[in-house]
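*Asks:* below is the sequence, then the predicted model.
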Amino acid sequence: MHADKEIIFSITAIVCAFSLSSTSIAIPFWLTTEITVDNVPVYSYAGLWKDCAEALGDTECILFTDVKDFVNATRGLLIVGTVMVGLSLLLVVKYAANRSTESLANMRIITLLLGVILVITAMIVFASNTTDSGLTYGSAFYLTLPSSVSSIIAAYVVFRAKKSHVSHGYSPIGFESARTSV
């Protein structure tokens, strides 16, 4: 892949990862369930911040004020992981602007992989603490998977670009100058 295409692809993958992870944090669809109360079907869904119930066309939501420790841990891990992915987006924009050294590429790879580790850890913490058989994982829970995959792909593209440019004699990645003769 050409260096500019790699940068554009990397930016696109990181924006996708950041958007999916941010959406996962915000929407209340981590858990869903449908029950019947007095012959009225009630659809209930909960996120990290609020719980909602829908019955007879009416929706009522309550914000969580006191949550279990695993919910706070999930929130914290997911937020810090998303911030790490966002930081890698800032690093790729800085790199695209001035094409400086490999250290920016290394920092992007590290922040992306740390973000993935934190997001996946948040999923594990949440899943291991929600074992009620009547609950189903909702879309917000599963949004963290494509977010993680997108981050890993972006990190791989950066690693591959860095490796190919170094092996062709380019010391700072991204420069399109001629090889120096020794």
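*Replies:* Received the coordinates, thanks.
*Asks:* strands of the chain, start to end?
*Replies:* Assigned by DSSP state E, the strands in the chain fall at 31-37, 40-46, 50-55, 58-63, 136-137.
*Asks:* show the pLDDT at T36.
*Replies:* In this prediction, T36 carries a pLDDT score of 88.
*Asks:* contact partners for the spatially closest residue to it that is not a sequence neighbour?
*Replies:* Once flanking residues are discounted, T36 sits nearest to V42: 7.0 Å by Cβ to Cβ, 6 or more residues apart in numbering. To be clear about C-beta, it is placed using only N, CA and C from the backbone, and glycine gets the same treatment. Counting by Cβ atoms under 8 Å, 6 or more residues apart in numbering, V42 makes contact with 34-36, 53-55.
*Asks:* report pLDDT for V42.
*Replies:* We have a pLDDT of 91 for V42.
*Asks:* distance to V116 for the strands of the chain - can I get that in TSV?
*Replies:* Output for the strands of the chain, formatted as TSV (distance: least, Cβ to Cβ, whole Å):
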stretch	distance to V116
strand 31-37	23
strand 40-46	25
strand 50-55	27
strand 58-63	29
strand 136-137	19
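*Asks:* go through those strands and name the closest to V85.
*Replies:* strand 136-137 (21.5 Å; Cβ to Cβ).
*Asks:* which helices and strands does the closest one pack with?
*Replies:* Judged by 3 or more Cβ pairs under 8 Å, 6 or more residues apart in numbering; DSSP states H and E, strand 136-137 is in contact with strand 31-37.
*Asks:* and the angle for the strand it packs on with strand 50-55?
*Replies:* Counting by axes from the mean of the first three to the mean of the last three Cα atoms, to 10 degrees, strand 31-37 points 40 degrees away from the direction of strand 50-55.
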